[in-house]
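Visitor: Need coordinates for the following:
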Amino acid sequence: MPDLRKSFRLLRIYDIFQHLENGGTVRREDLAGEFDMSERSVQRDVQMVNEFLRQRMEGEEIRFNRARGGYEFHREGKKYLSNGELLSICKILIESRAFTKTELDSLLQRFLKSMVSQPVEKEIIQCINNEIFHYKNPAHGKADPDLLWKTEEAIHQHKVLAMTYEKQDGETVDRRIWPVGVLFSVYHFYLIAIIDTEKGHEDFERHGPAIYRFDRILEIADTGDSFDGNLTSRFKEGEYRNGIHYMYGGDLQQVVFRFYGPSPEAALDQIPTAKSKHMTDEEGKDFYEITALVRGNGILFWLESQGPRVEVLKPESLRERWIEDARKVAAFGDKK
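Guide: Numbering: from 1, shown residues only. Sure, this is the predicted structure:
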């Protein structure tokens, strides 16, 4: 017959380990009360946990914090997320506006339950409760997380996909594609792909891949065919992200503009490839000359949002569009 007392003790030790591993400070008297045992027995069980950690988990141990009056789980280095880092991730998820309110609330709760103890979870939830309460559902459709995962698997396994896609004007098109990347930008998840036609491959070579919003994908399926991963290995998601803005693709081009803001940080944060140089114009005003390598004209949306703080210099085609749009805005004002 099994020794139940020994089994119960092992389960109790594991429970104590879980309490401590989940973060925060755990007092000896609280553990004694919860498990109906003496504080001396708690201390012996904690020592047993420490012995296990010394043998199996290098750099981890339980220490008694006299200032806080309890045990704490101590880890060498930065192997785990701090409470502040977890809060930061929650704030970023809220700001992304990628999910409905119901989905966001469920995602945040499950995320925190898997990462921290209940007291810390409640503390972080209190910090973000007001933002969740006032959160408004985004106007766009949601991207299916399972579809994101299915697509990532197809990318790594070099599977050719068949897709039915609804364009912005409501037209529905069928595409046979080589998926090469998944990106998130400004509220949306995007599928980056090569259209599997002669023209599609030519467009990829000349202008870069095609871009599709996940929430507009109506159907997607594995064709059973594969593509040569060596042909697409030169596409790098991170590198592509640095040069593209608002997910408007196009040719690579060097953009030069004057930025009259008090600091170049606004431009440098928005444009990862940007470099700045402090200069003075003909009227003696200080400005920063910003040079950046970008893809397509998506950058124009940000440039125009800066109003008189920006003067576009190059390329000439971008400068002409910037001037034309500024005239149209001025014309709206003249009507009044």
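Visitor: Kindly tell me how buried residue 324 is, as a neighbour count.
Guide: Neighbour count for residue 324, taken as other C-beta atoms under 10 Å: 9. (C-beta placed from N, C-alpha, C; glycine too.)
Visitor: quick one: what helix or strand has it in it?
Guide: Using DSSP states H and E, residue 324 sits within helix 316-335.
Visitor: and the top strand by length along the chain, what does it pack onto?
Guide: Longest strand in the chain by number of residues (criterion: DSSP state E): strand 172-185. On a contact count with 3 or more C-beta pairs under 8 Å, 6 or more residues apart in numbering; DSSP states H and E, strand 172-185 meets helix 145-156, strand 159-166, strand 188-195, strand 210-213, helix 237-243.
Visitor: Need the winner for burial among the ones you listed.
Guide: Stretch with highest mean neighbour count among the helices and strands packed on strand 172-185: strand 188-195 (a mean of 22; mean count of other C-beta atoms under 10 Å).
Visitor: roughly how far out does it sit from the chain middle?
Guide: 16 Å (C-alpha atoms, centre = their mean, to the nearest Å).
Visitor: ok and that strand relative to strand 159-166, angle-wise?
Guide: 120 degrees (axes from the mean of the first three to the mean of the last three C-alpha atoms, to 10 degrees).
Visitor: List the neighbours of whatever helix or strand comes next after strand 188-195 that are in contact with it.
Guide: Moving toward the C-terminus from strand 188-195, the next helix or strand (DSSP H and E) is helix 198-207. With contacts defined as C-beta atoms under 8 Å, 6 or more residues apart in numbering, helix 198-207 is touched by 194-195, 210, 249-251.
Visitor: and helix 198-207 with strand 172-185, angle?
Guide: Using the same axes, to 10 degrees, one finds that helix 198-207 and strand 172-185 are set 30 degrees apart in direction.
Visitor: Report the mean confidence score over helix 198-207.
Guide: The average of the pLDDT scores along helix 198-207 is 86.
Visitor: so what's the residue lying closest to residue 143 once chain neighbours are set aside up against?
Guide: Among residues not flanking residue 143 along the chain, residue 214 sits closest, at 3.7 Å (C-beta to C-beta, 6 or more residues apart in numbering). Applying C-beta under 8 Å, 6+ apart to residue 214 gives the contacts 143-144, 147-148, 151, 188-191.
Visitor: How are the helices of the protein distributed by residue range?
Guide: Along the chain, the stretches classed as helices by DSSP state H are 4-21, 28-35, 39-56, 83-96, 101-113, 118-133, 145-156, 198-207, 229-232, 237-243, 265-270, 299-305, 316-335.
Visitor: Look up which residues are beta-bridged to residue 210.
Guide: Per DSSP bridges, the residues bridged to residue 210 are residue 193.
Visitor: picking that back up, mean neighbour count, the helices of the chain: which tops it?
Guide: Mean neighbours per residue, mean count of other C-beta under 10 Å, is largest over the helices of the chain for helix 299-305, with a mean of 17.
Visitor: Check which helices and strands that helix sits against.
Guide: Looks like helix 299-305 contacts strand 310-314, helix 316-335 (3+ C-beta pairs under 8 Å, 6+ apart).
Visitor: Name the surrounding residues that touch it.
Guide: Residues from elsewhere that reach helix 299-305 (C-beta under 8 Å, 6+ apart): 245-246, 248, 255, 257, 270-271, 292, 310, 312, 318, 321-322, 325-326.
Visitor: now, which of those residues sits nearest residue 130?
Guide: The shortest approach to residue 130 among the contacts of helix 299-305 belongs to residue 270, at 28.1 Å (C-beta to C-beta).
Visitor: list the contacts for the closest one?
Guide: 245, 302.
Visitor: follow-up on the earlier one: give the pairing partners of the longest strand of the chain; include direction for each.
Guide: Looking at strand 172-185 with DSSP bridges, its partner strands are strand 159-166 (antiparallel), strand 188-195 (antiparallel).
Visitor: Other residues contacting the last one?
Guide: In this structure, residues lying in contact with strand 188-195 by C-beta under 8 Å, 6+ apart are 98, 140, 143, 148, 151, 161, 175-184, 200-201, 203-204, 209-215, 217, 232, 235, 237, 240, 247.
Visitor: between that strand and helix 145-156, how big is the angle?
Guide: Using the same axes, to 10 degrees: strand 188-195 against helix 145-156 is 30 degrees.
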